[in-house]
Each structure stands twice: as C-alpha cells, then as structure tokens.
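>>> the following comprises the amino acid sequence and a computationally predicted model.
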Number of protein chains: 2
Amino acid sequence: MPDILHRVGIKSSSPDATYNALATIQGLTDWWTYDTKGESRTGGVIKFRFGSPTEPGPGFDMKVLELEPSKRVLWQVIDGPEEWIGTRVGFDLRQDDDYTIVLFRHEGWREPVEFMHHCSTKWALFLMSLKGLVETGKGAPHPDDVRIDNWK
Amino acid sequence: MPDILHRVGIKSSSPDATYNALATIQGLTDWWTYDTKGESRTGGVIKFRFGSPTEPGPGFDMKVLELEPSKRVLWQVIDGPEEWIGTRVGFDLRQDDDYTIVLFRHEGWREPVEFMHHCSTKWALFLMSLKGLVETGKGAPHPDDVRIDNWK
C-alpha cells in the first residue's frame, strides 16, 4: 500500500516544542487548522475542520493511537473522505544536534489516487508550517495555508 | 516499491509554459538548480548539480525517456546517489480550466529510507518553485531553494 512520507528538520534545542505542537489542541490549531477540537490523549478523538469562520467545512476525525512524549504521535482516521478512512498519520521525532527531525508518514492508502498526490504536497507545506511555528512562533494553518492547486 | 507522488496546479491558460519549464535546460535552471546542463531530447542526458558557484556539487544525471509536448516529461536516473539510480521521475500535465495540473511521481525507490522522506518534502518545495516560476516569472532554484531540514 502506498504511503506519503516526509522529513523536516526544525531548528530547536529539544524536541519538546515540536512535540507540544503535535500533541496539544492549541499546537495543532497553530499549524494545521484553526478549527481543531477534541481530546489529545490516547484513545481520544480529535476533529480537524477546514471551513471558514462563517461556514463550517469538511475535515477529518482522528483517533489518537499513540502519544509518546517528545518521540511520537500516531493517529488513525476514523471519519472524513473515504480515501482517508482507516489510514494512519504518524510523526516520529528525534534530536540531531540543533535540529528536531520529524519523520512523517501517512500510511495505508489503498490506491495512489490523484487526491493522494494532492495530500502529499499539502502535507509537505503543512509540515513547513509546523517548522515555522516552532522556529518563529508563527505557522500557516488553514485558512492561511499555502494554496498548491485548484483544490486549495 | 514506494513512490513519491505530488500534485500542483499552476494558474496558466495553457500547459505550454509549464512544459517548457520542464523540457528545456533554461526552464529547469529556473526552478530546480542553476547548474543544469545537457540535452533535453529523447535519449539525451541532463546533468543536474547542486554545488555553489565556487564549488561544484553532487547531483543527478537523468536520461530523457519521454518528451510529449504539453503532456509529459519522463526521466530515468543513470547516475547520482545510490538510492536514486534506476528510479524514474515523471511529470504528467493536463489543463483543468485556469490551471495546468502537474501530477508528479518519483518511482522505483527500493526502500522507504530516510533520504526518501527528505526527497519527498524537497520535491514538494521544488514543485512550488516551478509553480512560482510559471505564475510570477520567478522560481526558487538551488542555491536559493527553501531549506527544509539539516540536509538542506
């Protein structure tokens, strides 16, 4: 089954700030989408929505499978676009000198559909938003995310 | 075998400008790396290098497998990092209303190594450079490319 893979290195003296951006609702709000609600605890469900302040939008519900402080965050998609349901989104962290290395994977896609190509590019830009958040205090979460194509 | 997949949409009334940026040495110079030499014709070899103006750097040699005007560019890596040799890099273009859609794939990786994660993110940013070049006349080719991690 095809996977989306990415690697970013975040200039930071420890992985704690990056972990907090991945493991707390406030952190997720600051780099992925402003409309993030739910419980970031093992077994909890987080709801990510991509609408506008005046109109709720579609999105994803993720069940939190693993939270290992400063090391790993792993979710499973339990609701959202059909292609996403059952897939898993994971972030593995480690410290390499001055950089927190994030190894990202979105695995379990059934087919390499065109939407998967879009999501792969979009994830890269959101990971750059995460990097910006930790390095400078400012990310580019939806709706301020970078437009990559006619699907946004 | 794992593949890197991406999709960008470039605001343009026809795919010609994007095709030219992919199928000519000048175009490639303007979004991927300033040090691009060789022959962009079927069976030709293009050499992409990532050094500095004062120091030649490592890079990739690509054999051009397919050039279909305004539709497709396909290369095979014949020299470069071991993980890249034999892999294929392809761009399929089509017009969707005001956007030229680029479906990108870098296929034939033997293992999902960490370097593949890095290359996946890096390709996304270079495709955004291609998009910038066609939409605004200015790309971000190496050495002005966006740093994504401690590998550059």
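Structure's in. What do you need?
>>> so residue A:59 touches residue A:33, yeah?
Yes: assessed by CB atoms under 8 Å, residue A:59 is found in contact with residue A:33 at 7.1 Å. Heads up, the C-betas are built off the backbone N, CA and C, glycines and all.
>>> same drill for those two, tell me which one is more crowded.
Between residue A:59 and residue A:33, counting by other CB atoms under 10 Å in any protein chain shown, residue A:33 is the more crowded of the two (22 against 19).
>>> contacting residues for the more buried one?
Applying CB atoms under 8 Å, 6 or more residues apart in numbering or on different chains to residue A:33 gives the contacts A:48-50, A:59, A:141-142.
>>> roughly how far does it sit from residue A:128?
Computed as CB to CB, to the nearest Å, the residue A:33 to residue A:128 distance reads 15 Å.
>>> re earlier: tabulate the contacts of residue A:33 in JSON lines, adding columns for pLDDT.
Formatted as JSON lines, the contacts of residue A:33 follow (pLDDT from 0 to 100):
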{"residue": "A:48", "pLDDT": "98"}
{"residue": "A:49", "pLDDT": "97"}
{"residue": "A:50", "pLDDT": "95"}
{"residue": "A:59", "pLDDT": "96"}
{"residue": "A:141", "pLDDT": "98"}
{"residue": "A:142", "pLDDT": "97"}
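>>> next step: the residues you listed restricted to strands.
A:48-49, A:59 (DSSP state E).
>>> I'd like those residues laid out as a markdown table, including distance to chain B.
Below are those laid out as a markdown table (distance: CB to the nearest CB, whole Å):
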| residue | distance to chain B |
| --- | --- |
| A:48 | 20 |
| A:49 | 22 |
| A:59 | 20 |
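>>> just checking, residue A:135 is part of a helix?
Yes: assessed by DSSP: H, G, I helix; E, B strand; the rest coil, residue A:135 belongs to a helix.
>>> hmm, residue A:84 is touching residue A:77, no?
Yes: Residue A:84 is within contact range of residue A:77, at 4.5 Å (criterion: CB under 8 Å).
>>> shared neighbours, those two?
Contact with both residue A:84 and residue A:77 is made by residues residue A:60, according to CB under 8 Å, 6+ apart.
>>> which ones are touching the residue nearest to residue A:87 when sequence neighbours are not counted?
Ranked by CB to CB, 6 or more residues apart in numbering or on different chains and with sequence neighbours excluded, the top spatial neighbour of residue A:87 is residue A:108, at 4.2 Å. Contacts for residue A:108 (CB under 8 Å, 6+ apart) come out as A:1, A:3, A:86-88.
>>> which one of these has the most neighbours?
Going by other CB under 10 Å, residue A:87 tops the contacts of residue A:108 with 24 neighbours.
>>> that one reaches residue A:77, doesn't it?
Yes: Residue A:87 is within contact range of residue A:77, at 5.1 Å (criterion: CB under 8 Å).
>>> can you pull the residues of chain A lying near chain B?
A:2-9, A:96-99, A:101, A:103-105, A:112, A:114, A:116-118, A:120-121, A:124-125, A:127-128, A:131, A:146, A:148-151 (CB under 8 Å from any CB of the partner chain).
>>> which of those residues fall in helices?
Taking DSSP state H as the definition of helices, these contribute A:114, A:116-118, A:120-121, A:124-125, A:127-128, A:131.
>>> would you reformat those residues as TSV and include neighbour count?
Output for those, formatted as TSV (neighbours: other CB atoms under 10 Å in any protein chain shown):
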residue	neighbour count
A:114	13
A:116	21
A:117	24
A:118	22
A:120	27
A:121	28
A:124	27
A:125	17
A:127	23
A:128	23
A:131	26
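>>> before we move on, back to that, can I get the contacts of residue A:33 in JSON lines with distance to residue A:68?
As requested, these are arranged in JSON lines below (distance: CB to CB, whole Å):
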{"residue": "A:48", "distance to residue A:68": "21"}
{"residue": "A:49", "distance to residue A:68": "26"}
{"residue": "A:50", "distance to residue A:68": "27"}
{"residue": "A:59", "distance to residue A:68": "25"}
{"residue": "A:141", "distance to residue A:68": "24"}
{"residue": "A:142", "distance to residue A:68": "27"}
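>>> what's near enough to touch the residue nearest to the spatial centre of chain A?
In chain A, the residue lying closest to the centroid (CA atoms, centre = their mean) is residue A:32, at 6.1 Å. Contacts for residue A:32 (CB under 8 Å, 6+ apart) come out as A:48, A:126, A:129-130, A:141-142.
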